[in-house]
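Chemist: Pasting the sequence and the predicted coordinates here, then a few questions.
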Amino acid sequence: MQYMFLIYQNEKDWQQMDPPQREQGMAAYAAYTESLRKAGVLKASDRLRPTADSTTVRVTNGKSQVLDGPFADTKEQLGGYYLVDVPDLDAALSWAARCPGASHGAIEVRPIWARA
Amino acid sequence: MDDGEHARATADAVARRSYGKLVAFLAARSRDVAAAEDALAEAFASALADWPAHGVPRNPEAWLLTAARRKLIDFVRRRQTARAAEPELEHAAELLALGEEGDDVAIPDQRLALIFACTHPAIDESVRAPLILQTVLGFDAAMIASAFLVSPAAMSQRLVRAKTKIKRAGIPLRVPEHYELTSRLDAVLAAIYAAFAEGWQDPAGTEPARRELAEEALYLGRLVTELLPREPEALGLLALVLYADARRGARRTADGDYVPLEQQDPALWDAALIDEAEALLSRASAFGVPGRYQLEAALQSAHVNGRRTGRTDFTALLVLYEALQNVTGSPVVAINRALALGRVRGAAAALAALDEIAADARLAEYQPYWAARAEALVRSGARAAAREAYERAIGLERDPAVRRFLQSRLAELA
């Protein structure tokens, strides 16, 4: 089954880090990505730019409304994702727990809606 | 008994004995518990139509499994016309292959795997016990709802949602690996305990749904210890349930009046169940890994033996309550600890201990807290304060028999 790991954490935490801390953070993600790849379960992964760079659009009565900022203002923000293919939820949860983001924020594990 | 009655009786017996086994087997690969249950329901309907005419088959369980498998394959084929479902086809092929092995093939017992799926951390805690009752024991939603004091519609909705979650989120029907077994087993035991506690709420035995629930919890406890004989907490839980069940008949007088443990007649207890519980508890303790259920069972053992010998060891009780308090942090345990403390060090110590926990807001509306307080106050000679505490307790009690008991204690103080 395919699952998406949605990584939620407070963007400010990252912004407040000093360069060696950031480097360490990047290295942890790189190592995690590599172990997913080596295990043959990684389908895709991306890091998202901060919500300050976000724009939200909604069409109401045929008119599009464009707003500066993220869809929802929350304490923790969606910062990136991994798409993995594993046998079941237990395998997905055990991979998600190893994601560096799980220790700073939280990982939401969502099954992908399989295409017919 | 005519053929129709015989067919129905046989189908009922198989349903009772094998329901969970058949559901677990049918859903093992697909994780589609709802489809397995639907297929099984149709198989039972076919049996009731077929057996009176052609006779009850030699192996009714295998007959039902074969019929359910065919239904399941029909479901998959019907869906498959709408879309290509590769994994499901594969599963259907596997089921068919199994069908060709004939009717005598032993159905592997995967009930424990199903129980672990029902208590997966991804399943909402409040629905875990109901889900086990439905999928493993075949209870219908209305019956579960009445036992858990929830509307049938709400219970039914929760059960459907949980089964959908198992399928869509990919929750495996599998007994966890050794390294996570202990933590996952906690949830299984908690669900069985919840089922038992719900059933235990009906001391008069007037509500069949609840009465049956306590019996089924006992059955599940036995099942888990049979399948995991080396788990001390599973043994402890079964012992705990047996101790409680052994005293079922002694909890009320013939007139339906409440009898506290201290005044129960040990001759009314089921000695065989108590012996079994004692044996289980000593088997559990031999592992040297104490836990919540073993401690609770040990408390039951101390109470039961105290009543049997006429000498209750309150110091031992106090030690056990303190250990249990450390594990659970439960205010209910704290109340019992305070009462035991009172027996060892006097009423003043009990009152001081009750004062210490009085800040817990949950206790202000908890009958046993006020009853315990009243009892400690009586012992310390503060009769006016004791009367007040009994009045609070009486006002909070739902069970009329317990209310009558508290009222009689209050009357003694007048």
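Modeler: Great, that's in hand. Residues are numbered from 1 along each chain as shown, chains lettered A, B, ... in the order given.
Chemist: Low-confidence regions, chain A specifically.
Modeler: Applying pLDDT under 70 to chain A flags the ranges A:116.
Chemist: just the strands in it please.
Modeler: A:2-9, A:42-47, A:55-60, A:63-68, A:77-85, A:106-111 (DSSP state E).
Chemist: Go through these and name the closest to chain B.
Modeler: Closest to chain B of the strands of chain A, according to CB to the nearest CB: strand A:106-111, at 5.4 Å. All C-beta spots, glycine's among them, are computed from the backbone N, C-alpha and C.
Chemist: In PDB, list the C-alpha atoms belonging to the closest one.
Modeler: Once non-C-alpha atoms are left out, strand A:106-111 reads as follows in PDB (Å, rounded to 0.1, in the frame of the first residue of the first chain):
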ATOM      1  CA  ALA A 106       4.300  15.100  14.100                       C
ATOM      2  CA  ILE A 107       3.900  12.900  11.000                       C
ATOM      3  CA  GLU A 108       0.400  12.300   9.700                       C
ATOM      4  CA  VAL A 109       0.300   9.000   7.900                       C
ATOM      5  CA  ARG A 110      -2.400   9.000   5.100                       C
ATOM      6  CA  PRO A 111      -3.100   6.100   2.800                       C
END
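Chemist: Need the three-state assignment for the nearest residue to residue B:228 once chain neighbours are set aside.
Modeler: The spatially closest residue to residue B:228, leaving aside those adjacent along the chain, is residue B:234, at 5.5 Å (CB to CB, 6 or more residues apart in numbering or on different chains). Using DSSP: H, G, I helix; E, B strand; the rest coil, the three-state assignment for residue B:234 comes out as helix.
Chemist: I figured residue B:234 hits residue B:189, correct?
Modeler: Yes - using CB atoms under 8 Å, residue B:234 makes contact with residue B:189 at a distance of 6.3 Å.
Chemist: quick revisit: just send the strands of chain A back as CSV, with distance to residue B:392 and mean neighbour count too.
Modeler: Output for the strands of chain A, formatted as CSV (distance: least, CB to CB, whole Å; neighbours: other CB atoms under 10 Å in any protein chain shown):
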stretch, distance to residue B:392, mean neighbour count
strand A:2-9, 46, 21
strand A:42-47, 59, 13
strand A:55-60, 55, 9
strand A:63-68, 56, 9
strand A:77-85, 50, 19
strand A:106-111, 43, 16
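Chemist: Just list the residues touching residue A:67, thanks.
Modeler: Taking CB atoms under 8 Å, 6 or more residues apart in numbering or on different chains, we find residue A:67 in contact with A:55, A:56, A:57, A:58.
Chemist: do that again at 7 Å, thanks
Modeler: The contact partners of residue A:67, taken as CB atoms under 7 Å, 6 or more residues apart in numbering or on different chains, are residue A:56.
Chemist: how close does it sit to residue A:79?
Modeler: 20 Å (CB to CB, to the nearest Å).
Chemist: Going along the chain, name the helices of the stretch 101-250 of chain B.
Modeler: B:111-118, B:125-135, B:141-147, B:152-168, B:178-200, B:208-227, B:232-246 (DSSP state H, counting those that start in this stretch).
Chemist: So which of these is the most surrounded?
Modeler: Among the helices of the stretch 101-250 of chain B, helix B:232-246 has the highest mean neighbour count (mean count of other CB atoms under 10 Å in any protein chain shown), at a mean of 26.
Chemist: Output the contacting helices and strands for it.
Modeler: Judged by 3 or more CB pairs under 7 Å, 6 or more residues apart in numbering or on different chains; DSSP states H and E, helix B:232-246 is in contact with helix B:178-200, helix B:208-227, helix B:271-285, helix B:292-309.
Chemist: count of neighbours near the nearest residue to residue A:9 once chain neighbours are set aside?
Modeler: Distances taken as CB to CB, 6+ apart put residue A:105 closest to residue A:9, at 2.9 Å, once the chain neighbours are dropped. Residues within reach of residue A:105, counting by other CB atoms under 10 Å in any protein chain shown, total 19.
Chemist: Equivalent analysis for residue B:231, please.
Modeler: When neighbours are counted by other CB under 10 Å, residue B:231 registers 21.
Chemist: separation between residue B:134 and chain A?
Modeler: 21 Å (CB to the nearest CB, to the nearest Å).
Chemist: what sits against the spatially closest residue to that residue that is not a sequence neighbour?
Modeler: The shortest distance from residue B:134 to any non-neighbouring residue, by CB to CB, 6+ apart, is to residue B:159 (5.7 Å). For residue B:159, the contact set (CB under 7 Å, 6+ apart) comprises B:127, B:130, B:131, B:134, B:141.
Chemist: go with 8 Å
Modeler: Residue B:159 touches B:127, B:130, B:131, B:134, B:141, B:144, counting by CB under 8 Å, 6+ apart.
Chemist: Of all the helix elements in the chain, which one is longest?
Modeler: As the question left the chain open, I've gone with chain A. Ranked by residue count, the top helix of chain A under DSSP state H comes out as helix A:19-38.
Chemist: my question was about chain B
Modeler: From DSSP H, the single longest helix across chain B is helix B:3-27.
Chemist: Contacts for it next, please.
Modeler: B:1, B:33, B:35-37, B:39-40, B:44, B:47-48, B:51-53, B:55-56, B:60-61, B:64-65, B:68-69, B:72, B:95, B:107-111, B:113-114, B:135-138, B:173.
Chemist: can you check stretch B:131-145 too?
Modeler: Under the criterion CB under 8 Å, 6+ apart, residues B:15-16, B:19-20, B:23-24, B:33, B:37, B:111, B:114-115, B:118-119, B:123, B:130, B:151-152, B:154-156, B:159, B:162-163, B:191-192, B:195, B:209, B:213, B:216, B:219-220 lie in contact with stretch B:131-145.
Chemist: run the last query once more with 7 Å
Modeler: With CB under 7 Å, 6+ apart as the test, stretch B:131-145 has contacts from B:15, B:19-20, B:23, B:33, B:37, B:111, B:114-115, B:118, B:123, B:130, B:151-152, B:155-156, B:159, B:162, B:191, B:195, B:209, B:216, B:220.
Chemist: quick one: which helix or strand includes the spatially closest residue to residue B:357 that is not a sequence neighbour?
Modeler: Computed as CB to CB, 6+ apart, the closest residue to residue B:357 that is not its neighbour in sequence is residue B:334, at 4.7 Å. In the assignment (DSSP states H and E), residue B:334 maps to helix B:331-345.
Chemist: Distance of residue B:54 relative to chain A?
Modeler: In terms of CB to the nearest CB, residue B:54 sits 40 Å off from chain A.
Chemist: What residues does chain B have near chain A?
Modeler: B:83, B:122, B:168, B:169, B:170, B:171, B:172 (CB under 7 Å from any CB of the partner chain).
Chemist: Put the buried members of these into a ChimeraX selection.
Modeler: Selection command for ChimeraX covering only the buried members of the residues of chain B next to chain A, criterion 16 or more other CB atoms under 10 Å in any protein chain shown:
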select /B:122,169,170,171,172
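Chemist: can you put the residues of chain B next to chain A in JSON lines and add pLDDT?
Modeler: Shown next, in JSON lines, are the residues of chain B next to chain A (pLDDT from 0 to 100):
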{"residue": "B:83", "pLDDT": "59"}
{"residue": "B:122", "pLDDT": "95"}
{"residue": "B:168", "pLDDT": "94"}
{"residue": "B:169", "pLDDT": "95"}
{"residue": "B:170", "pLDDT": "95"}
{"residue": "B:171", "pLDDT": "96"}
{"residue": "B:172", "pLDDT": "95"}
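Chemist: quick one on the thing from earlier: quick check: mean pLDDT across the longest helix of chain B?
Modeler: Helix B:3-27 carries an average pLDDT of 86.
Chemist: what angle do the helix or strand just after it and helix B:125-135 make?
Modeler: Where DSSP H and E defines the elements, the next helix or strand beyond helix B:3-27 is helix B:33-54. With axes from the mean of the first three to the mean of the last three CA atoms, to 10 degrees defining the directions, helix B:33-54 sits at 20 degrees from helix B:125-135.
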